[in-house]
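S.K.: Coordinates for the following, if possible.
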Amino acid sequence: MSADDHLVRPPTPEGFDSSRAAGRAGDPRGWRYREAEREIVHRVIAERRDVRRFRPDDVPEDVLGRVLAAAHRAPSVGLMQPWRLIVIRSLETRVEVRRLAQRERLRQSQRFAERATQFLDQKIEGVVEAPLGICVCCDHGRPDEEVLGRGTIPETDVYSTACAIENLWLAARAEGLGVGWVSFYRPEDMRALLGIPARVDPIAYLCLGWPDERPVRPGLEAAGWSSRAPLERVVMRERWSSGAGEAGDLEVAAPDREAAIAARDRSDLLVKPAGSLGALESLLERWASIAGEVPPAEPRAGVLVCAADHGHASRGTSLFDPEVSAQVTAAAARGETAVGVLARRGGHELLVADVGLAAETPAGVRDAKVAPGSADISLGAALTEAQLEAALRAGAELAAELAGGGVDCLVLGEIGIGNTTTTAALVSALTGAPSSLTVGRGTGVDSEGLARKRAVVDAALERHGSQLSARGALRAVGGLELAALAGAAAEAARLNLPVVLDGYAVGAAALAATRIEPAVGNALIASHRSAESGHELTLRELGLEPLLDLRMRLGEATGGLIALPIIAAAGALHREMGTFEESAVQRVR
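M.R.: Model prediction:
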């Protein structure tokens with residue numbers, strides 16, 4: 001191709017990342033400062049001090065402007081920028097602030113008993129001596145205003161404001177200014193003095209000016225009040241306590257970050273705008289982090305469908321009698337149900353297993369029966385400890401068998417009359433959610449049937465409790481097929497085999513597996529969001545976004561198999577699209 005035929009990649013607009021994957025891969029540290037500059041940054045951090053004595057000289061507006069701008073460049077969750085900075089030059093106001101601080105200082109000194117005198121030695125004259133005061137406030141905004149990232153931790157606005165204070169302090173040190181943080185005041189008094197609205201909190205009053213001292217270590221350390229703890233005392237690895245959690249002995253490999261980044265790098269090189277494949281690009285990275293490479297253009301799945309019955313079905317929790325479970329299982333093994341059709345069309349390996357049918361194992365179905373169904377969860381525990389362990393082990397063995405056949409992923413499914421009630425009870429037991437959120441219509445029960453399902457779940461939760469451990473929840477309210485699927489998901493994760501989840505029941509089993517061993521969550525991919533109301537809650541708990549939303553509620557792994565062609569298309573695009581270099585498309589930096 002001649003130079004005249006080259007397509008020209010448009011230049012990166014101003015304000016966007018102009019780096020390229022090849023450059024980032026070739027020099028991962030390329031964003032760092034030069035050594036001398038890094039030393040300055042760390043010096044500023046190390047030499048930041050709380051200053052108490054100030055010279056009376058004024059702070060020029062340009063210097064003040066740079067310090068305030070640094071504060072305003074602070075990071076904030078959801079870019080909420082909640083800080084508000086009140087600059088105070090008035091001597092009268094500063095004198096009143098000192099009075100408020102002095103009153104609180106005297107009141108607080110009583111808390112320190114024999115150290116009260118030492119506490120009172122910490123002077124606050126800097127409030128008046130410093131030519132400037134800055135009251136840093138946090139504007140919480142309207143209570144009905146949704147802010148990205150603040151939904152579960154409302155205090156992130158205060159934390160973001162603290163980042164602005166730190167930025168201001170470091171910039172002031174670089175300018176040679178001193179900062180003193182005054183915390184002796186009642187917020188309501190500061191609000192009244194400065195006219196601060198009720199929705200706004202005065203987080204810090206800072207004295208700002210040229211220092212009349214140049215301390216080489218923190219003032220409280222020099223005064224013998226305290227000292228900085230060694231780093232090893234405040235740094236922990238992985239978790240607060242090594243004995244926390246419920247994790248077992250399962251050895252699950254960490255996500256393959258190198259493979260995921262390699263997938264992202266190639267996506268950046270393909271002839272398309274960056275990120276234009278949307279969720280497919282995230283899917284490719286996730287798949288690569290599990291399997292070590294992106295999905296093949298024609299992935300072959302091992303499809304595991306586990307079947308079992310449930311003791312509560314006699315209470316009218318389904319439109320169908322328990323005998324139907326065995327009939328549907330047999331039809332699935334013959335290839336006559338949805339999973340059989342889809343597995344046959346895709347060339348996938350289908351294994352239908354009986355882990356808990358009340359009837360005898362049908363012909364063509366793998367006999368992995370642990371027990372003839374689970375017990376009625378409203379009257380007692382669904383499973384014994386031995387049954388739970390056997391079901392987990394059975395699922396793991398079935399998954400390992402499919403993996404040994406050279407499949408590219410594991411697709412999970414289930415069959416069992418009444419198992420949406422069991423699923424709802426399991427999700428409630430794991431999360432604490434009420435039955436009104438977890439119980440849906442399943443096979444299409446009417447309002448009376450829905451009420452019966454909720455009554456069974458409520459009775460089970462009243463008997464066994466909610467927010468149980470994963471093993472406790474599976475034993476109390478789980479089903480044999482759900483326990484087996486949890487074991488299968490864990491084994492696939494151990495084998496670095498991507499697990500494509502089906503709907504609500506499989507999602508609940510996977511949630512239990514991640515509560516037993518959190519690393520299992522790294523191997524999971526959600527195929528679709530079902531029509532069952534509790535499935536949305538389950539996906540949120542798993543932290544997964546589904547590829548499809550077709551309002552399905554069939555089970556049998558059908559959603560997972562329907563999603564596989566999308567996964568295959570993503571793999572084909574990634575492997576077969578040309579790069580800018582291969583397609584002779586010129587880049588303009």
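S.K.: Helices of the stretch 401-550 of the chain, start to end?
M.R.: Counting by DSSP state H, counting those that start in this stretch, the stretch 401-550 of the chain has helices at residues 419-431, 435-438, 447-464, 470-477, 480-494, 504-516, 533-542.
S.K.: May I see those helices organised as TSV, with mean pLDDT, mean neighbour count and distance to Leu170 added?
M.R.: Glycine gets a C-beta too; all of them are placed from N, C-alpha and C. Output for the helices of the stretch 401-550 of the chain, formatted as TSV (pLDDT from 0 to 100; neighbours: other Cβ atoms under 10 Å; distance: least, Cβ to Cβ, whole Å):
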stretch	mean pLDDT	mean neighbour count	distance to Leu170
helix 419-431	96	30	42
helix 435-438	94	20	46
helix 447-464	91	19	52
helix 470-477	96	25	45
helix 480-494	97	31	43
helix 504-516	96	30	40
helix 533-542	92	20	38
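S.K.: Take these and lay them out in JSON lines including distance to Ala172.
M.R.: Putting the helices of the stretch 401-550 of the chain into JSON lines (distance: least, Cβ to Cβ, whole Å) gives the following:
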{"stretch": "helix 419-431", "distance to Ala172": "47"}
{"stretch": "helix 435-438", "distance to Ala172": "50"}
{"stretch": "helix 447-464", "distance to Ala172": "56"}
{"stretch": "helix 470-477", "distance to Ala172": "50"}
{"stretch": "helix 480-494", "distance to Ala172": "50"}
{"stretch": "helix 504-516", "distance to Ala172": "46"}
{"stretch": "helix 533-542", "distance to Ala172": "43"}
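S.K.: Quick one, which of the ones you listed gets closest to Ala198.
M.R.: helix 533-542 (33.6 Å; Cβ to Cβ).
S.K.: same for the closest one, what does it pack against?
M.R.: Counting contacts by 3 or more Cβ pairs under 8 Å, 6 or more residues apart in numbering; DSSP states H and E, helix 533-542 is packed against helix 419-431, helix 435-438, helix 504-516, strand 524-526.
S.K.: residue ranges with poor pLDDT in the stretch 151-300 of the chain?
M.R.: The model of the stretch 151-300 of the chain has pLDDT under 70 over residues 219-226, 241-251, 253.
S.K.: quick revisit: and Arg173, which of the helices of the stretch 401-550 of the chain is closest to it?
M.R.: When the helices of the stretch 401-550 of the chain are ranked by proximity to Arg173 (Cβ to Cβ), helix 533-542 comes first, at 43.3 Å.
S.K.: tell me the contacts of the closest residue to Ala470 other than its chain neighbours?
M.R.: In space, and not counting its chain neighbours, Ala470 is closest to Arg515: 3.5 Å by Cβ to Cβ, 6 or more residues apart in numbering. Neighbour list for Arg515: 246, 430, 469-470, 473 [criterion: Cβ atoms under 8 Å, 6 or more residues apart in numbering].
S.K.: Report the separation between Ala304 and Leu177.
M.R.: Quick fix: residue 304 reads Leu, not Ala. 66 Å (Cβ to Cβ, to the nearest Å).
S.K.: Now do the contacts for Glu125.
M.R.: 52-53, 98.
S.K.: can I get the contacts of Arg515 in a markdown table with distance to His535?
M.R.: Formatted as a markdown table, the contacts of Arg515 follow (distance: Cβ to Cβ, whole Å):
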| residue | distance to His535 |
| --- | --- |
| Glu246 | 24 |
| Leu430 | 14 |
| Ser469 | 22 |
| Ala470 | 18 |
| Ala473 | 17 |
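S.K.: Closest one of the residues you listed to Arg463?
M.R.: Ala473 (12.8 Å).
S.K.: any idea how far that closest one is from Ala429?
M.R.: Per Cβ to Cβ, Ala473 is found 4 Å from Ala429.
S.K.: Glu556 now?
M.R.: For Glu556, the distance to Ala429 (Cβ to Cβ) stands at 24 Å.
S.K.: repeat for Ala505
M.R.: To Ala429, Ala505 is 14 Å away according to Cβ to Cβ.
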